[in-house]
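Asker: Predicted structure and sequence below. I'll ask about it afterward.
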Amino acid sequence: MDPGDFDRTRRRISRGFQGLPGRGELWFSPRPASGFPGDRRSTDVQEDSPLPEDFRRRLTRAFQWAIQRRASRRAQEAAEAAAALEEQSRARVEVAHAGLQAELVEMHFQNQQLARTLLDLNMKVQQLKKECELGFTSDSQ
């Protein structure tokens, strides 16, 4: 094998891999087929064709639908978050209400005890008054 054989083999291999990425040469994408809407180089599609307008309307409708759906989803998430916050605040209010109710029951119980104590003291004071009056009357006689 002489040095020229190596060079010829290398050229043959690189020629066989043309167009494959990472092999021999750079990858070039094929030209778009003629006749696609919006291909300004194609000559067989007319500019006033209804296809691009219909396509534009469909795309617009699809984007509007997606935006509305996203907005409604966000509104629904916001409503769910507001409902969760309201539920949390309602739970806090109920806990506070239960605590206040327990304190009121305790205060009512203490009030009844104080009322009994006052009545007992009043009865003792009345008894002492009677005893004092009896003691003064018996001393004075």
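Answerer: Yep, it's here.
Asker: pLDDT weak spots in the chain?
Answerer: For the chain, the stretches flagged by pLDDT under 70 are 1-51, 141.
Asker: those helices in it, which residues are they?
Answerer: Using DSSP state H, the helices of the chain run over residues 3-16, 50-140.
Asker: Turn those into TSV, columns for mean neighbour count.
Answerer: The way it works is simple: take the backbone N, C-alpha and C, and place the C-beta from them, glycine included. Below are the helices of the chain laid out as TSV (neighbours: other C-beta atoms under 10 Å):
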stretch	mean neighbour count
helix 3-16	10
helix 50-140	10
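Asker: what sits against Ala71?
Answerer: Not one residue lies near Ala71 by C-beta atoms under 8 Å, 6 or more residues apart in numbering.
Asker: From Phe136, how far out is it?
Answerer: 94 Å (C-beta to C-beta, to the nearest Å).
Asker: Gln68 too?
Answerer: Counting by C-beta to C-beta, the gap from Gln68 to Phe136 is 98 Å.
Asker: Repeat that for Gln101.
Answerer: Per C-beta to C-beta, Gln101 is found 52 Å from Phe136.
Asker: cool, and Gly99?
Answerer: 55 Å.
Asker: With Trp65 instead?
Answerer: Taking C-beta to C-beta, one finds Trp65 at 103 Å from Phe136.
Asker: go on, Ala78?
Answerer: 84 Å.
Asker: C-alpha coordinates for stretch 95-115, PDB please?
Answerer: Taking Å, rounded to 0.1, in the frame of the first residue of the first chain, the C-alpha atoms of stretch 95-115 are listed here in PDB:
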ATOM      1  CA  VAL A  95     -61.600  27.700  68.200                       C
ATOM      2  CA  ALA A  96     -61.700  31.200  69.700                       C
ATOM      3  CA  HIS A  97     -65.500  30.900  70.200                       C
ATOM      4  CA  ALA A  98     -65.100  27.600  72.000                       C
ATOM      5  CA  GLY A  99     -62.400  29.000  74.200                       C
ATOM      6  CA  LEU A 100     -64.600  32.000  75.100                       C
ATOM      7  CA  GLN A 101     -67.600  29.800  75.700                       C
ATOM      8  CA  ALA A 102     -65.500  27.700  78.100                       C
ATOM      9  CA  GLU A 103     -64.400  30.800  79.900                       C
ATOM     10  CA  LEU A 104     -68.000  32.100  80.200                       C
ATOM     11  CA  VAL A 105     -69.100  28.800  81.700                       C
ATOM     12  CA  GLU A 106     -66.200  29.000  84.200                       C
ATOM     13  CA  MET A 107     -67.100  32.600  85.100                       C
ATOM     14  CA  HIS A 108     -70.800  31.600  85.500                       C
ATOM     15  CA  PHE A 109     -69.800  28.900  87.900                       C
ATOM     16  CA  GLN A 110     -67.600  31.300  89.900                       C
ATOM     17  CA  ASN A 111     -70.400  33.800  89.900                       C
ATOM     18  CA  GLN A 112     -72.800  31.300  91.400                       C
ATOM     19  CA  GLN A 113     -70.200  30.400  94.100                       C
ATOM     20  CA  LEU A 114     -69.700  34.100  94.900                       C
ATOM     21  CA  ALA A 115     -73.500  34.600  95.100                       C
END
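Asker: All good on my end, thank you.
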